[in-house]
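Visitor: Just the structure for this:
(one chain, ligands or ions: 1)
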Amino acid sequence: MAQYARGAAAVAVIRLHNPPVNALSLTVLQALEDGLKRADADPSVKAVMICGENGKFSAGADIRGFSSPKRHGVPLGPIISLIERSEKPVVAAIEGIALGGGLEVALGCHYRIAHVKAHMGFPEVTIGLLPGAEGTQRLPRLIGVPAALDIITTGRHIPATEALKLGLVDEVVEENTVEAAIRFANKVIGQPLGPRRLSLKPVPKLPNMEAFLSEALVKVKKQAHGCLAPELCFQAVKAATEQPFADGVRKERELFNILLTSGQAQALQYAFFAEREVQKWTTPNGASWKSTSPQPIRKAAVIGLGTMGRGIVTSLVKANIPVVALEQNVEYLNMGRKAVMLLLEREAMKMEQGAQTLDFHNPARLQFTVDFDVLHDVDLVIEAVFENMALKKEIFHKLSRICKPGAFLCTNTSALNIDEIASATSRPHQVIGTHFFSPAHVMRLLEIIYGHHTSPTAIATAVQLAKALKKVGVVVGNCFGFVGNRMMFPYVQQAVFLVEEGSRPEAVDQVLEDFGFKIGPFRMSDLAGLDVGWRSRKGQGLTGASLPPGTPARQRHGHRYSPLPDLLCENSRFGQKTGKGWYQYEKAGGRTAKPDPWLHNFLAQYRDTHHIKTRFIDQEEILERCLFSLINEGFDILAEGIAAGPEHLDVIYINGYGWPKHRGGPMFYASTIGLPRILAKLQKYSEAHPDVPGLQPSAFLKKLVAMGNPPLKEWMSYQSRQSNKL
Ligand SMILES: CC/C=C\C/C=C/C(=O)SCCNC(=O)CCNC(=O)[C@H](O)C(C)(C)COP(=O)(O)OP(=O)(O)OC[C@H]1O[C@@H](n2cnc3c(N)ncnc32)[C@H](O)[C@@H]1OP(=O)(O)O
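Guide: I've put the predicted structure just below:
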């Protein structure tokens, strides 16, 4: 709702009230309209001030309302016009946030006063929409086309100080914003309102508007990766430059409706709520966020300053957590120190642009050492050495001796068994997996893996750490590859099988990049380094010296196996770092992937050697075999209770594996395709390839189809406790 009250003297106060973020529900909008009409009708009211309850103006329209079948109700646009038409000055007092429809309300007001810590923006593009309450028409009239396009097509939040420079707000205050706005309203009583009505203003002209717009469109399309909303946001702003206000509003509405019914908006809004839902973690034995408090992390340590360790140290410093960084010897320590300092200097430069500072030259905040004893007083250790169980166990054994009793011991691993690592310590309840993604100071995902003995407090503390690092922490159970990599294995395996059968790396990558992945599986493998998987396969006895003599080249444990990735490594093709992998690069460390005739020849010879008849593989088969095998593994993960729900898998894939957010994550995508279709296709492909377990439909998928393809929200109610492997 919105509360109506009288402020000092002749100012009516309308306070938006809908905790926690004052979203503009139908009730709030109705109350806002009633308040405006009441103020208009009262001759003793000379001005109106609109603010939000609890130090937040408004987070905009209620996002849940967009997918509600009863969406029709009080529309926001007309209420904003009502505010603008008021004959009494209306002042917005912006505290906390004014986002989306909230900012549109503020733009309808004649004046805007913001608190210095407030943020504003039009994040609609991030949930697949555009500012559909006349915002695309008012904002360019107020701050000009370049700034409006930037804000509307990126959805970025801008701080009040920037808003003041852009002319988006009239005043920024450090004191009580509501009182300042009431004083301001009193001062402007009687002043002409015409020039303050944005719908009456012309859009500021640019000397080269046409050229500017065509360049801007190219940039917007390039960054969109198949997402519709940025381009339609652009079209709406363009309409403001070409048409009168009323026509621009009509165009805005038309584009808004296209987006609303596109399916992408639904996917992006699902992703928005999924990200919040996974914060409310639970485990199969009943531990949960509700009943567990995290421990404070006042000081942390990172062991190992390779690529991952460097990124993790940088993340911790950025989060203002004092860090001890440890390496095994002085040579590695110096190399690590240099690399960390370089990363931090770059981060400091970026932060200075946003008027923030980064303190990392102070040894009390960042200390480098080779001495384990220095870790005696840290609250949490993140071990980030390479994937070697024996080494990790040795380190954890040492840590459990040196660290203080309450310290949490985290291992950054992408696949190894948390329980086995924990077994090397005297405190397995304080051991937890924290799987960072590279580069660790950039990537948002943190997979948090609890073992058999991990305490709820350790889980809560790791979740809290993720928040402090501005990451999305997703809590999952312990199995080989956890959630993300476990689902990735069959996906990459299919990509390699497709190449064996007749496709090419560039063809497979193209299909998956057209689908919306930032990078296809072969480009990704080249970037990560082919030797990483090779080492792991050697460790598992799948290749290398420990392979029993006589093992068929293309079979392991009775299942199909492709030795192609091993053969590339045997030819010293490790990917980008060696300038050759599935592609060729301009030099070792180069980044521009070019199809490689050597590889094409090599593939032809390989197929000849193994009597594989090359066949043409179409895009549909590439997409389905890669994606459906990944999704199929997801159903097994859900059945085993490794993740609490499909949202977890989707958040992991969007934030850690470049899955296109506008497709909502793999499990959401599966729900939009329809589970019966996925099952039928998997059945078809598994009949053609009976020796590939990843294509055998998951029992849980079959069960859901048998239960009538229930909506994603209901899937977990069909999971049986017996199949829980935790
Ligand atoms: C016909 C024309 C109509 C429309 C034009 C207008 C369109 C719009 O306005 S679309 C909405 C645009 N606004 C947004 O996209 C803002 C989304 N929210 C956020 O970015 C963040 O929530 C926040 C910055 C506002 C706050 O962040 P934080 O403090 O980290 O809290 P949470 O994100 O955890 O949010 C708390 C709580 O609030 C729920 N929530 C937030 N915003 C909305 C919203 N706009 N509608 C509905 N619910 C919202 C969020 O889900 C959390 O709820 P739970 O605690 O239940 O998970």
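Visitor: rest of the way, CA atoms for contacts and neighbours
Guide: Fine.
Visitor: what's the pLDDT at residue 511?
Guide: Model confidence at residue 511, given as pLDDT, is 98.
Visitor: so where's the stretch 301-450 of the chain shaky on pLDDT?
Guide: Judged by pLDDT under 70, the stretch 301-450 of the chain has its weakly predicted residues at 353-356.
Visitor: repeat that for 80
Guide: Along the stretch 301-450 of the chain, the parts satisfying pLDDT under 80 run over 352-360, 363.
Visitor: And the residue in it positioned nearest to the ligand, its phi and psi?
Guide: The nearest approach of the stretch 301-450 of the chain to the ligand comes at residue 444, 14.4 Å away (C-alpha to the nearest ligand atom). The phi and psi values for residue 444, taken as degrees, to the nearest 10, are phi -80, psi -20.
Visitor: hang on, isn't it packed against residue 655?
Guide: Yes: between residue 444 and residue 655 there is a contact at 5.8 Å, judged by C-alpha atoms under 8 Å.
Visitor: what sits in contact with each of these two?
Guide: The contact sets of residue 444 and residue 655 overlap at residue 472 (C-alpha atoms under 8 Å, 6 or more residues apart in numbering).
Visitor: Would you mark the buried spots in stretch 287-297?
Guide: 287, 288, 289, 294, 295, 297 (16 or more other C-alpha atoms under 10 Å).
Visitor: could you list every residue that touches residue 50?
Guide: Here residue 50 is in contact with 13, 14, 15, 16, 90, 91, 92, 93 (C-alpha under 8 Å, 6+ apart).
Visitor: Tell me which of these fall in strands.
Guide: Among the contacts of residue 50, DSSP state E puts 13, 14, 15, 16, 90, 91, 92, 93 in strands.
Visitor: Now residue 402: closest residue in space, sequence neighbours ignored.
Guide: In space, and not counting its chain neighbours, residue 402 is closest to residue 376: 5.5 Å by C-alpha to C-alpha, 6 or more residues apart in numbering.
Visitor: now do residue 2
Guide: residue 16 (4.3 Å).
Visitor: Just say helix, strand or coil for the residue in the stretch 501-650 of the chain that the ligand sits nearest to.
Guide: Ranked by C-alpha to the nearest ligand atom, the top residue of the stretch 501-650 of the chain for proximity to the ligand is residue 647, at 13.1 Å. Following DSSP: H, G, I helix; E, B strand; the rest coil, residue 647 is assigned to helix.
Visitor: if you skip the residues just before and after it, what's nearest to it?
Guide: Distance criterion C-alpha to C-alpha, 6+ apart; nearest residue to residue 647, sequence neighbours excluded, is residue 274 at 5.2 Å.
Visitor: pretty sure that neighbour is touching residue 644, no?
Guide: No: in this structure residue 274 lies outside contact range of residue 644 using C-alpha under 8 Å: 11.9 Å.
Visitor: if you skip the residues just before and after it, what's nearest to the residue in the stretch 401-550 of the chain positioned nearest to the ligand?
Guide: When scored by C-alpha to the nearest ligand atom, the stretch 401-550 of the chain has residue 467 as its residue closest to the ligand, at 9.6 Å. Nearest residue to residue 467, sequence neighbours excluded (C-alpha to C-alpha, 6+ apart): residue 473, at 7.2 Å.
Visitor: again with residue 137
Guide: Using C-alpha to C-alpha, 6+ apart, the closest residue to residue 137 is residue 240 (5.4 Å).
Visitor: Could you list the residues in contact with stretch 646-664?
Guide: Stretch 646-664 is contacted from outside by 128, 225, 227, 264-265, 267-268, 270-271, 274-275, 277-278, 437, 443-445, 447, 472, 474, 483-484, 515-519, 634, 638, 643, 665-669, 712, using C-alpha under 8 Å, 6+ apart.
Visitor: who touches residue 715 in this structure?
Guide: Contacts of residue 715 (C-alpha under 8 Å, 6+ apart): residue 704.
Visitor: Please report how far it lies from residue 527.
Guide: With distances taken as C-alpha to C-alpha, to the nearest Å, residue 715 is found 35 Å from residue 527.
Visitor: What of residue 243?
Guide: Using C-alpha to C-alpha, we find residue 243 at a distance of 47 Å from residue 527.
Visitor: The two: who's more crowded?
Guide: residue 527 (19 against 14; other C-alpha atoms under 10 Å).
Visitor: The helix or strand encompassing that one - what's its average pLDDT?
Guide: Residue 527 belongs to helix 521-528 when assigned by DSSP states H and E. On average, the pLDDT along helix 521-528 is 95.
Visitor: what's it in contact with?
Guide: Outside helix 521-528, the residues that touch it by C-alpha under 8 Å, 6+ apart are 492, 495, 505-506, 508-509, 512, 574-577, 581-583, 593.
Visitor: let's see it at 7 Å
Guide: Applying C-alpha atoms under 7 Å, 6 or more residues apart in numbering, the external contacts of helix 521-528 come out as 492, 505, 509, 574, 575, 576, 581, 582.
Visitor: What of stretch 271-288?
Guide: By C-alpha under 7 Å, 6+ apart, stretch 271-288 touches 289, 456, 474, 475, 644, 647, 648, 651, 664.
Visitor: Also stretch 87-105?
Guide: Contacts with stretch 87-105, where a contact means C-alpha under 7 Å, 6+ apart, come from 46-51, 55-61, 80, 106, 109-115, 117-124, 131, 133, 135, 177-178, 181, 185, 189, 193.
Visitor: Could you identify the buried members of those residues?
Guide: The neighbour-count test (16+ other C-alpha under 10 Å) applied to those identifies 46-51, 55-61, 80, 106, 109-115, 118-124, 131, 133, 135, 177-178, 181, 185, 189, 193 as buried.
Visitor: is it true that the residue nearest to residue 402 touches residue 406?
Guide: No: counting by C-alpha atoms under 7 Å, residue 376 stays clear of residue 406, with 10.7 Å between them.
Visitor: Checking my notes, residue 254 in a strand, right?
Guide: No: according to three-state DSSP, residue 254 belongs to no strand; its state is helix.
Visitor: Tell me which helix or strand comes right after the top helix by length along the chain.
Guide: Counting residues, the longest helix found in the chain (DSSP state H) is helix 330-353. Next in sequence after helix 330-353, counting helices and strands by DSSP H and E, comes strand 366-369.
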